[in-house]
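*Asks:* return atomic coordinates for the entry below.
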Amino acid sequence: MTKLKTIKNIKWSVLLVPVVSAFFFVTIITAAPITITDKMDAQEIQTIAVATTDTTKDLTVPQPTVDPQVVPIPANTSTPSTTPAPANTPAKKVQPSRSTGSSSTTSKPATTKAPSQQTKASAIIATGKQYIGVKYVYGGTTPAGFDCSGFVQYVFAKHGVNLPRVSRDQFKVGTSVSFNNLQPGDLVFFSLAKNGVIDHDGIYVGNGQFINSASSKGVTIYSLGPYWKSAYVGAKRVI
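*Replies:* Take a look at the predicted model:
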């Protein structure tokens, strides 16, 4: 029995010696590291370090083991989407826009009347034709008898267009129109005396013709032939 106690004491002594040695070593190094290390040689330092390592192995905290059957999922791994990708749809065809530039459109002549003007001109001409055959009366302004300017004034007044009484003054209103750009409803003026002074007028009806009240035949339609062209002075557009 005594022998067993002696063996146990020896065992504990053997275990405590390295621990105590390590404690004193650390204390001494902390208090005066330069003095101790100067006196100790390399072999002594290595012996103490080995003894300290062996003693502290039993105090190491065991690391947890990883189950080989469990595969960790990285934190940044996203779950694949199960939504099917949409089928490719044909691209919508874009219809080319039509150019509205002046190069692709045919502009109308500046002298072309608007639809409302054409309608009004047609109505004026139709009214004038109603009085074909009415006799010429100098200074006449009614269907009982017309002179040239009285006839023009009367017909246009029927459609809300007020004109001066005599042909010379009628030539002073409206917009000038060249002979080649005459449109139905335009006023045409003449100098029958061929001295440049306007003394006659009528209403252009198209196709190179005009209606007027002439001293020889009363209200009638004439063609702008050589005679009338020789007396022609100009034209005006008043509608």
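*Asks:* hey, let's count contacts and neighbours off CA atoms from now on
*Replies:* OK.
*Asks:* from His159, how far off is Gln196?
*Replies:* In this structure residue 196 is Gly, not Gln. Relative to His159, Gly196 is positioned 30 Å away (C-alpha to C-alpha, to the nearest Å).
*Asks:* show me the contacts for Ser223.
*Replies:* Shown in contact with Ser223 (C-alpha atoms under 8 Å, 6 or more residues apart in numbering): Gly208, Gln209, Phe210.
*Asks:* most neighbours of all those, which one?
*Replies:* Neighbour count (other C-alpha atoms under 10 Å) singles out Phe210 as the most crowded of the contacts of Ser223, with 22 neighbours.
*Asks:* you'd agree it is in a strand?
*Replies:* Yes: inclusion of Phe210 in a strand is indicated when DSSP: H, G, I helix; E, B strand; the rest coil is applied.
*Asks:* in contact with it, which residues?
*Replies:* Neighbours of Phe210 in contact, by C-alpha under 8 Å, 6+ apart: Val188, Gly202, Ile203, Tyr204, Ile221, Tyr222, Ser223, Leu224.
*Asks:* nearest residue to it other than its sequence neighbours?
*Replies:* Tyr204 (4.1 Å; C-alpha to C-alpha, 6 or more residues apart in numbering).
*Asks:* the host helix or strand of that neighbour: partners in the sheet, and parallel or antiparallel?
*Replies:* Under the criterion of DSSP states H and E, Tyr204 resides in strand 200-206. Strand pairing for strand 200-206, determined by DSSP bridges: strand 187-190 (antiparallel), strand 209-214 (antiparallel).
*Asks:* show me what counts as buried in that strand.
*Replies:* Buried residues in strand 200-206, defined by neighbour count with 16 or more other C-alpha atoms under 10 Å: His200, Asp201, Gly202, Ile203, Tyr204, Val205.
*Asks:* cool, stretch 132-140 as well?
*Replies:* Ile132, Val134, Lys135, Tyr136, Val137, Gly140.
*Asks:* ditto for stretch 217-235
*Replies:* Gly218, Val219, Thr220, Ile221, Tyr222, Ser223, Ala231, Tyr232, Val233, Gly234, Ala235.
*Asks:* follow-up on the earlier one: for the contacts of Phe210, which one is nearest Val155?
*Replies:* Of all those, Ile203 has the smallest distance to Val155: 9.6 Å, by C-alpha to C-alpha.
*Asks:* so who does the closest residue in space to that closest one that isn't next to it in sequence touch?
*Replies:* Excluding its sequence neighbours, the residue lying closest to Ile203 (C-alpha to C-alpha, 6+ apart) is Leu187, at 4.8 Å. Neighbour list for Leu187: Asp201, Gly202, Ile203, Tyr204, Ala235, Lys236, Arg237, Val238 [criterion: C-alpha under 8 Å, 6+ apart].
*Asks:* measure the fourth one to Phe23 for me?
*Replies:* Tyr204 is 135 Å from Phe23, where distance means C-alpha to C-alpha.
*Asks:* any weak-confidence spans in the chain?
*Replies:* Where the chain drops to pLDDT under 70, the residues are 1-21, 24-114.
*Asks:* quick one, helices of it?
*Replies:* With DSSP state H as the criterion, the chain has helices at 2-31, 33-39, 42-56, 115-129, 148-157, 167-170, 226-231.
*Asks:* and the fourth one, what other elements does it pack with?
*Replies:* If contacts are counted by 3 or more C-alpha pairs under 8 Å, 6 or more residues apart in numbering; DSSP states H and E, helix 115-129 sits against helix 148-157.
*Asks:* now for the helix it packs on, which elements pack on it?
*Replies:* Packed next to helix 148-157, using 3+ C-alpha pairs under 8 Å, 6+ apart, are helix 115-129, strand 141-142, strand 200-206, strand 209-214.
*Asks:* how about 10 Å then?
*Replies:* Judged by 3 or more C-alpha pairs under 10 Å, 6 or more residues apart in numbering; DSSP states H and E, helix 148-157 is in contact with helix 115-129, strand 141-142, strand 145-146, helix 167-170, strand 200-206, strand 209-214, strand 218-223.
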